[in-house]
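Q: Let me see the structure of the following:
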Amino acid sequence: MQSAETRSPYDDDADASRQISADERIHAEVVRGLASRGRERMSGNFRAAVFGINDGLVSNVALVMGVMATGVPAQIVLITGISGLLSGALSMAAGEYISVRSQTELLDASLPDPKAREALHALDVESNELELVYRARGMSEDEARAKASQVFQRISDQKRISDNVLGSTEIQSAGSARSAATFSFLSFAIGAFLPIVPYVFGMEGLAGAVVSLVLVGLSLMATGATTGLLSGKPPGIRAVRQLSIGYGAALVTYVLGLLFGMIL
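A: Numbers count the residues shown, from 1 in each chain. Model (predicted):
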C-alpha cells in the first residue's frame, strides 16, 4: 500500500502531458505526507516492539545454535538460551531507561528557570540583559529588543508576567523511562523466547534445532514485513532480508560452535 504512494499511472503514459504528470507527482507527495502522520502515530511503541522482538530473535537463535553445535546436552542449551534471554532483555531495558532518562533531563535543562522570571521586576529597564536572554534563545537583535520592550511595558503596567516570557515552557515529551524500559524488556524477551521453545518442551538434537529455526524464520519474516510496511517499502523484500540476516548470524555461530566442539 505504501509503495503506491509515489506510483503514478502517467509516468509511462506517452499521451499524458507534463502538467498532468507533475500534478500527479505533487498529489503523491500529499498522500505521502498524510501517510507519514499515520505512521508516526502507529509506529511509536509498536515500532519499538518490532525491533525489540527482532533483536531477541536474532541474538538468541545465534546463541542457541552456537551452543547446540558444540554437542552439549539439550538441558545446557536451554539454560544458555534462558540466560541469553534474561541478560539481553535486562541490557535492553537498562539501555532504554538510561537513554530516555538522559533525554528527559536534557530537555528539562532547556526550560527557563522560574526564578529568573521572578527577577524580571527588579531588572534595570535601561539594561540590555533581557535582550541577551532572547538573543541566546535564537531571536534576532531587533526581535529581542522588541520582545524585551513588551516585557518591560507589562512590568510598568503592573500586569502579570506569563510563565513562558523567557522562552517556551513546552518541550517534546521523551516519555516515561520506566515504561520504555519495561516495554523493551518484554519485547526482547518475547523474541528471545521463541528459539528455546522446542527445548522447553523437551526436544533435543537436530529436531530441536530445526523447530527452533522454523519458528525464528517465520517470526523474522513477520517482523521484516512489518518493518517494511511501517517504512513504506515492499514488505516481501524486507521479510527476506530479515530472514537472511537472522539465518546468517545463526550459521556463523553454528560453524563456530562446531569448531569449538572439536577443539575443546
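Q: All the helices of this structure, residue numbers only.
A: Ranges of helices in the chain, per DSSP state H, are 18-42, 45-69, 74-109, 114-118, 129-136, 141-156, 177-193, 197-200, 205-231, 235-263.
Q: pLDDT on the third one, on average?
A: Confidence over helix 74-109, taken as the mean pLDDT, stands at 88.
Q: other SSEs contacting that helix?
A: Under the contact definition 3 or more CB pairs under 8 Å, 6 or more residues apart in numbering; DSSP states H and E, helix 74-109 sits against helix 45-69, helix 177-193, helix 197-200, helix 205-231. Heads up, the C-betas are built off the backbone N, CA and C, glycines and all.
Q: ok, and what's touching the second one?
A: The set of residues external to helix 177-193 that reach it, using CB atoms under 8 Å, 6 or more residues apart in numbering, is 45, 48-57, 59-60, 81, 84-86, 88-90, 92-97, 99-101, 104, 219.
Q: Show me which of the residues you listed are buried.
A: The neighbour count (16 or more other CB atoms under 10 Å) marks 48-57, 59-60, 81, 84-85, 88-89, 92-93, 96-97, 100-101, 104, 219 as buried among the contacts of helix 177-193.
Q: coming back round to it: buried deepest among the helices and strands packed on helix 74-109, which one?
A: Among these, judged by mean count of other CB atoms under 10 Å, the one packed with the most neighbours on average is helix 45-69 (a mean of 23).
Q: angle of that one against helix 205-231?
A: Angle of helix 45-69 versus helix 205-231, following axes from the mean of the first three to the mean of the last three CA atoms, to 10 degrees, is 160 degrees.
Q: what's the angle between helix 45-69 and helix 235-263?
A: On the basis of the same axes, to 10 degrees, helix 45-69 is oriented at 30 degrees to helix 235-263.
Q: Helix 45-69 vs helix 74-109, what angle?
A: 150 degrees.
Q: what stretches of this structure score poorly on pLDDT?
A: Applying pLDDT under 70 to the chain picks out residues 1-45, 47, 107-134, 137, 148, 151-175.
Q: Can you pull the domain assignment for it?
A: 1-42, 46-98+177-263, 111-156 (automatic domain parsing).
Q: Surely residue 224 and residue 231 touch.
A: No: contact between residue 224 and residue 231 fails when scored by CB atoms under 8 Å: they sit 10.8 Å apart.
Q: Overlap of the contact sets of those two?
A: Common neighbours of residue 224 and residue 231 (CB under 8 Å, 6+ apart) are residue 238.
Q: What about residue 238, how many residues nearby?
A: Residue 238: 20 surrounding residues under other CB atoms under 10 Å.
Q: separation between residue 86 and residue 97?
A: Per CB to CB, to the nearest Å, residue 86 is found 16 Å from residue 97.
Q: My guess is residue 258 contacts residue 69. True?
A: Yes: using CB under 8 Å, residue 258 makes contact with residue 69 at a distance of 4.7 Å.
Q: Relative to residue 207, how far out is residue 213?
A: Look at residue 213 and residue 207: by CB to CB, they are 11 Å apart.
Q: what's residue 211 in contact with, if anything?
A: Going by CB under 8 Å, 6+ apart, residue 211 touches 197, 198, 203.
Q: now, which of these sits nearest residue 252?
A: Using CB to CB, residue 198 comes nearest to residue 252 of these, at 21.0 Å.
Q: Please tell me how far the closest one sits from residue 209.
A: According to CB to CB, residue 198 and residue 209 sit 8 Å apart.
Q: same check, this time on residue 221
A: Distance from residue 221 to residue 209, counting by CB to CB: 19 Å.
Q: With residue 59 instead?
A: Applying CB to CB, the value for residue 59 to residue 209 is 17 Å.
Q: Could you do residue 233 as well?
A: Per CB to CB, residue 233 is found 31 Å from residue 209.
Q: now residue 188
A: Distance of residue 188 to residue 209, computed by CB to CB: 22 Å.
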